[in-house]
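Peer 1: Next come a sequence and a model predicted from it.
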Amino acid sequence: MSEVTSTRKHWMHRVRWRSHLATLAMVLVALLAAHFWQTRNVPGGPAPDFSALAVSAQDGAVLSLAQWRAAHPSQQVALHFWAEWCPICKLEEHSVSRVSRDWPVLTVAMQSGDVAAVRRVLGQRSLEWATVIDPDGSVAASYGFRAVPAFVAIGSDGRIRATSVGYTSEIGMRLRLWWARW
């Protein structure tokens, strides 16, 4: 009887283990499907250039992606799309700040007000980000984004290497920038 019980326990353990693996596989497929759905409109190839009002000491200063990339030659750069009213963006703030210490990150404040309003938000939250404003969402739309937060890693050749929409962890941002090297 002991041998039958032992065999039954072993069999049940294997069934449970396979069930857990099947569940994990379904979750991974669902996450990948969601990622591909959210980034389905993101253009491949060269990153679309844009010019936008910069949140800087000089009112009315315009900054383009080409200028940002030229200021960081032979480096991968990142674009981080966010909004003042977005709760998930607030969760990412510290990650973006830490990543921006090691990599050139240009943040794009989407539909968050004028330069003064965005400057005020950055000051209140103690964020020292290089930021441009996208009052009507046209910059985000040129990248195929309809929601924030969104993250784009651009290789030193100016090509989009990796994107994400929704919450991205610090390690996720760093891995995307690392991947952009290749």
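Peer 2: Structure's in. What do you need?

Peer 1: Can you list the low-confidence ranges for this structure?
Peer 2: 1-5, 10-13, 27-43, 57-59 (pLDDT under 70).

Peer 1: residue ranges of the strands in the chain, please?
Peer 2: For the chain, the strands defined by DSSP state E occupy 51-55, 62-64, 77-82, 105-110, 130-134, 150-154, 160-165.

Peer 1: Just put the ones you listed in TSV and tack on mean neighbour count and distance to residue 178.
Peer 2: C-beta: built from backbone N, CA, C; applies to glycine. Rendered in TSV, the data for the strands of the chain read as follows (neighbours: other Cβ atoms under 10 Å; distance: least, Cβ to Cβ, whole Å):
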stretch	mean neighbour count	distance to residue 178
strand 51-55	19	27
strand 62-64	15	25
strand 77-82	24	11
strand 105-110	25	14
strand 130-134	23	20
strand 150-154	26	9
strand 160-165	21	9
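
Peer 1: Dump the ones you listed into JSON lines; add distance to residue 18 as well.
Peer 2: As requested, those are exported to JSON lines (distance: least, Cβ to Cβ, whole Å):
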{"stretch": "strand 51-55", "distance to residue 18": "52"}
{"stretch": "strand 62-64", "distance to residue 18": "54"}
{"stretch": "strand 77-82", "distance to residue 18": "40"}
{"stretch": "strand 105-110", "distance to residue 18": "43"}
{"stretch": "strand 130-134", "distance to residue 18": "48"}
{"stretch": "strand 150-154", "distance to residue 18": "36"}
{"stretch": "strand 160-165", "distance to residue 18": "31"}
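
Peer 1: And those strands: which comes nearest residue 121?
Peer 2: strand 105-110 (7.7 Å; Cβ to Cβ).

Peer 1: what lines up beside that closest one in the sheet?
Peer 2: Take DSSP bridges as the rule and strand 105-110 pairs in its sheet with strand 77-82 (parallel), strand 130-134 (parallel).

Peer 1: With respect to residue 169, which of these lies nearest?
Peer 2: The closest of the strands paired with strand 105-110 to residue 169 is strand 77-82. By Cβ to Cβ, the value is 13.0 Å.

Peer 1: any idea how far the spatially most central residue of the chain lies from residue 63?
Peer 2: Geometric centre of the chain, nearest residue: residue 151, 2.3 Å, by Cα atoms, centre = their mean. Between residue 151 and residue 63 the computed distance is 19 Å (Cβ to Cβ, to the nearest Å).
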